[in-house]
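**Q** need a structure here:
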Amino acid sequence: MIKLFSSEEEATQQVPLGKSVLLRAADANGEEEKICLSHTKDGFFAVQNTCTHAGEDLHKGFINEQNEIVCPLHSYCFNLKTGHATRGNATSLKTYRLEWKNDEATNQKALFIDL
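**A** Sure thing, here's the model as predicted:
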């Protein structure tokens, strides 16, 4: 697992509530993955950044009240928890497991992602 943020405060500063950001991370094979990291009232979620319909960057979209990321190009919607397309003719997004766990170096809860 890769540490994204060293504390809840840092995570909230970098990804404010209701916003999404682009995260670039290397997987175990060294391949770069572009991830849309979103912060909603239900927590933090990570899905692939590329819309499966037309390839638009999802971090440029917005989060709706149903905890979905809405693609800025054609308004296709994807559930942030499951990655399933909820509106539009698109396939599901890849999701990434996030976990809050104690960081022994700082003795604070840190956010990690499983690639």
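
**Q** who touches residue 114 in this structure?
**A** Residues in contact with residue 114, defined by CB atoms under 8 Å, 6 or more residues apart in numbering, are 1, 96, 97, 98, 99. Every residue, glycine included, has its C-beta placed from N, CA and C.

**Q** hmm, residue 99 and the first one touching each other?
**A** Think residue 1. Yes: between residue 1 and residue 99 there is a contact at 6.7 Å, judged by CB atoms under 8 Å.

**Q** name the residues contacting each of these two.
**A** Joint contacts of residue 1 and residue 99 (CB under 8 Å, 6+ apart) are 112, 113, 114.

**Q** reformat these as a markdown table; add pLDDT, secondary structure and distance to residue 44.
**A** Below are the shared contacts of residue 1 and residue 99 laid out as a markdown table (pLDDT from 0 to 100; DSSP: H, G, I helix; E, B strand; the rest coil; distance: CB to CB, whole Å):
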| residue | pLDDT | secondary structure | distance to residue 44 |
| --- | --- | --- | --- |
| 112 | 94 | strand | 11 |
| 113 | 95 | strand | 9 |
| 114 | 94 | strand | 13 |
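
**Q** closest one of those residues to residue 87?
**A** residue 113 (26.3 Å; CB to CB).

**Q** of the shared contacts of residue 1 and residue 99, closest to residue 57?
**A** Using CB to CB, these come closest to residue 57 at residue 113, 18.3 Å.

**Q** beta partners of the closest one?
**A** residue 2, residue 98 (DSSP bridges).

**Q** next one: residue 50
**A** residue 57.
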